[in-house]
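Student: Take this sequence and fold it.
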Amino acid sequence: MSLYWTSYWALQETEVDPEAFFRELVCLLPEATTLYVEGTVIVDEVKAALLAHAQVGPYLPDPEAGSVQTLGSLRTQFFRCEFTPFLLRKLERFARTYAVPEICDHLLVYAGNEPLLEFYDFPGNEIWLPLKVSEEQVRALASVFNTTYRRVIADVSPSSLAMKGLMLSFAAANQLAATAAAEFLDALAASSSYTVALSGGRIAKDFFNRVAQLAQERRQSLAQVHFFWADERCVAPTDAESNFRIATELLFQPLGLPAGNIHRLRGEDEPEAAARAGEAELRRIAPANGAGLPVLDLVLLGMGEDGHVASLFPGEAEDVMNSSAVYRAVTASKPPPRRISLGYGALVAAREVWMLASGSGKETALRESLSPTGATPLARLLRARGRTRIFTDIRL
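Tutor: This next block holds a predicted model:
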C-alpha cells in the first residue's frame with residue numbers, strides 16, 4: 001500500500017457505502033477541487049462518464065481497448081477530474097451497477113495542489129488523510145462510516161516491505177540485475193509510452209547489460225521509452241565518471257536506441273544552468289501531477305554506503321531538502337563533488353521507484369534506512385513515498 005504522508009490520520013478498514021462516502025466528502029471537504037482516479041479495472045461506461053466531465057490525466061487508456069481493462073500494476077488508467085457531486089454520483093452508480101469489489105486502485109482528492117485524502121482499493125480499504133485535515137473532520141467521517149480512526153506513520157520495516165512484495169532479496173548481484181531487467185522489460189511491453197530516470201553505480205552496469213541482452217533475446221523494441229537521469233556528475237559526457245557514458249556504452253548503443261529519446265543532463269555545463277535545462281526537458285515530455293511536478297513512470301536508484309540516493313547525500317539543511325526544484329546542483333561528499341540530482345519532490349512524484357541496493361559495506365545504511373527513525377536520504381524517501389520497491393542482495 002502506498003502511503004504519501006509520513007504522518008496522517010487513518011480510518012480503519014470498513015465496508016464504505018460509496019453514496020455516503022461521496023456525500024460526506026462534499027460536505028466535509030468543501031475546499032476540494034480535483035479528483036484523481038487511478039485503477040486497473042475501469043469499465044467503458046464509467047470511463048465515458050469521466051471523460052465527458054474531465055480534464056484527461058496523463059495516462060489516457062486506449063479508447064479502442066476492450067470493455068474491461070486489466071493493465072497490470074505498472075501501467076494503469078488515470079483520470080484527473082473536477083471534483084463535483086455529478087462526477088461522484090457517476091462513480092457511485094458504477095459501483096452499484098457492476099457490483100464490483102473495487103471501483104479503482106487509488107482515489108485522491110486535492111484542494112488546488114494540496115492533497116486532502118487518499119483511498120486505496122476504493123471503496124473497501126482504509127482512508128488516509130494528512131494531518132492538516134482537522135481531527136473534527138476525521139471524527140465526522142469515522143462516525144458516518146461507523147469505524148474508528150488513528151494517527152499513524154508509514155511502516156517501512158523490512159518485514160512489512162517483504163510482506164507487501166516491496167522488498168525482493170537475492171543471493172547475488174547478477175540475480176538481482178536479471179530479475180529487475182526482466183520486470184523492467186515486462187513493464188515496457190505493456191506501455192506505448194514510458195519515461196524512466198537512470199542512475200549510475202556498479203549495480204546499474206549489471207542492470208544495463210542484462211536489459212540489453214534480454215531485449216535482444218526477446219527482440220523487444222525500446223523505441224517508446226524516453227530516458228532521463230536521476231543524477232549526473234559534472235563531467236564531460238565522454239568522461240569515465242559520466243553516468244550518461246555508462247548507459248550509452250552498455251544500453252543505448254547495443255540496442256541502437258534513437259537519440260531523440262535520450263535526454264541527458266549536460267554535466268559539462270555550469271551546474272545550475274544544466275539543472276534548469278534538465279527540468280525544462282523533463283517537463284516537455286513527462287506529465288505533471290496535482291502539485292505541478294513532472295511524473296516519471298519509473299526512477300531507478302542505487303544506494304551508497306552512507307544511504308545516499310541519486311546524488312542526495314546526508315547532511316543537507318532542511319530547507320535545501322524541501323526545495324521545489326525538480327533538478328538541483330549539489331555538492332557531494334565523495335568525488336567527483338559537483339553533481340546534478342533530482343530533488344526529493346520529483347522522486348516522491350514518480351509513479352514507481354525501484355531501489356537496486358547491492359554490494360558489501362551497505363548493510364548498516366540499508367538497515368538504518370528501513371528504521372522508522374532512520375536519518376539517511378533513502379530513509380527520507382521511503383517515508384515520503386511509502387511504495388518503493390527494493391531489490392537487494394544485502395543480508396539484513
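Student: make it CA atoms for all contacts and neighbour counts henceforth
Tutor: Will do.
Student: Residue ranges in the stretch 251-396 of the chain under the pLDDT threshold?
Tutor: Within the stretch 251-396 of the chain, the stretches with pLDDT under 70 are 372, 386.
Student: in it, which spans are strands?
Tutor: Here the stretch 251-396 of the chain has its strands, by DSSP state E, counting those that start in this stretch, at 298-302, 327-331, 338-342, 352-357, 389-392.
Student: confidence score at Asn243?
Tutor: Turning to Asn243, the model gives it a pLDDT of 97.
Student: Any figure for the gap between it and Ala275?
Tutor: Distance, Asn243 to Ala275, by C-alpha to C-alpha, to the nearest Å: 15 Å.
Student: now swap in Phe313 and tell me
Tutor: Using C-alpha to C-alpha, Phe313 is found at 17 Å from Ala275.
Student: Between these two, which has more neighbouring residues?
Tutor: Remark: of Phe313 and Ala275, Ala275 carries more neighbours, 27 against 20, as counted by other C-alpha atoms under 10 Å.
Student: right, and the more buried one touches Arg264 too?
Tutor: No. Here Ala275 does not reach Arg264: they are 10.8 Å apart, not a contact under C-alpha atoms under 8 Å.
Student: Next, the distance between the ends of stretch 191-203.
Tutor: For stretch 191-203, the first-to-last residue distance is 25 Å (C-alpha to C-alpha).
Student: and what of stretch 309-320?
Tutor: End-to-end distance of stretch 309-320: 15 Å, with C-alpha to C-alpha as the criterion.
Student: same question, stretch 283-296
Tutor: 10 Å.
Student: so Asn261 makes contact with Val225?
Tutor: Yes. The pair Asn261 / Val225 is scored as a contact, 6.6 Å apart, by C-alpha under 8 Å.
Student: Which helix or which strand is home to Leu214?
Tutor: helix 202-218 (DSSP states H and E).
Student: That helix packs against which elements?
Tutor: Applying 3 or more C-alpha pairs under 8 Å, 6 or more residues apart in numbering; DSSP states H and E, one finds that helix 202-218 makes contact with helix 173-189, helix 243-247, helix 253-255, strand 352-357.
Student: got the contact list for Tyr327?
Tutor: Contact analysis of Tyr327 by C-alpha atoms under 8 Å, 6 or more residues apart in numbering lists 275-276, 278-279, 340-343.
Student: still on that earlier bit, select, out of the helices and strands packed on helix 202-218, the one closest to Asp393.
Tutor: helix 173-189 (6.1 Å; C-alpha to C-alpha).
Student: Go through the closest one and flag the buried ones.
Tutor: Within helix 173-189, the residues scored as buried using 16 or more other C-alpha atoms under 10 Å are 173-182, 184-185, 187-188.
Student: of all those residues, which two lie farthest apart?
Tutor: Greatest spacing in these, by C-alpha to C-alpha: Ala173 and Leu188 (22.4 Å).
Student: still on that earlier bit, so, if you compare the buried residues of helix 173-189, which one comes nearest to Ile127?
Tutor: Set against Ile127, the nearest of these by C-alpha to C-alpha is Ala187 (28.3 Å).
Student: Next one: that closest one from Val225, what distance?
Tutor: To Val225, Ala187 is 11 Å away according to C-alpha to C-alpha.
Student: Ala236 now?
Tutor: Look at Ala236 and Val225: by C-alpha to C-alpha, they are 24 Å apart.
Student: neighbour count winner among the two?
Tutor: For Ala236 versus Val225, the count of surrounding residues by other C-alpha under 10 Å is larger for Val225: 18 against 15.
Student: For the more buried one, which residues count as its bridge partners?
Tutor: Per DSSP bridges, the residues bridged to Val225 are Tyr194.
Student: Could you check the pLDDT of it?
Tutor: 97.
Student: ok now do it, which residues does it touch?
Tutor: Contacts were defined as C-alpha under 8 Å, 6+ apart; by that measure Val225 touches 188, 193-196, 261.
Student: wait, doesn't Leu185 sit right on Ala215?
Tutor: Yes. Counting by C-alpha under 8 Å, Ala215 is a contact partner of Leu185 at 7.3 Å.
Student: outside of stretch 313-326, which residues touch it?
Tutor: With contact meaning C-alpha under 8 Å, 6+ apart, stretch 313-326 is reached by 279, 293-294, 306-308, 332-333, 342-346, 375-377.
Student: go on, stretch 258-267?
Tutor: If you take C-alpha under 8 Å, 6+ apart as the criterion, stretch 258-267 is touched by 223-229, 231-237, 242, 244, 274-275, 277-278, 281-282, 339-340.
Student: swap in stretch 337-345?
Tutor: Residues outside stretch 337-345 that contact it (C-alpha under 8 Å, 6+ apart): 230-234, 265, 267, 271, 274-275, 293, 310-312, 321-332, 381.
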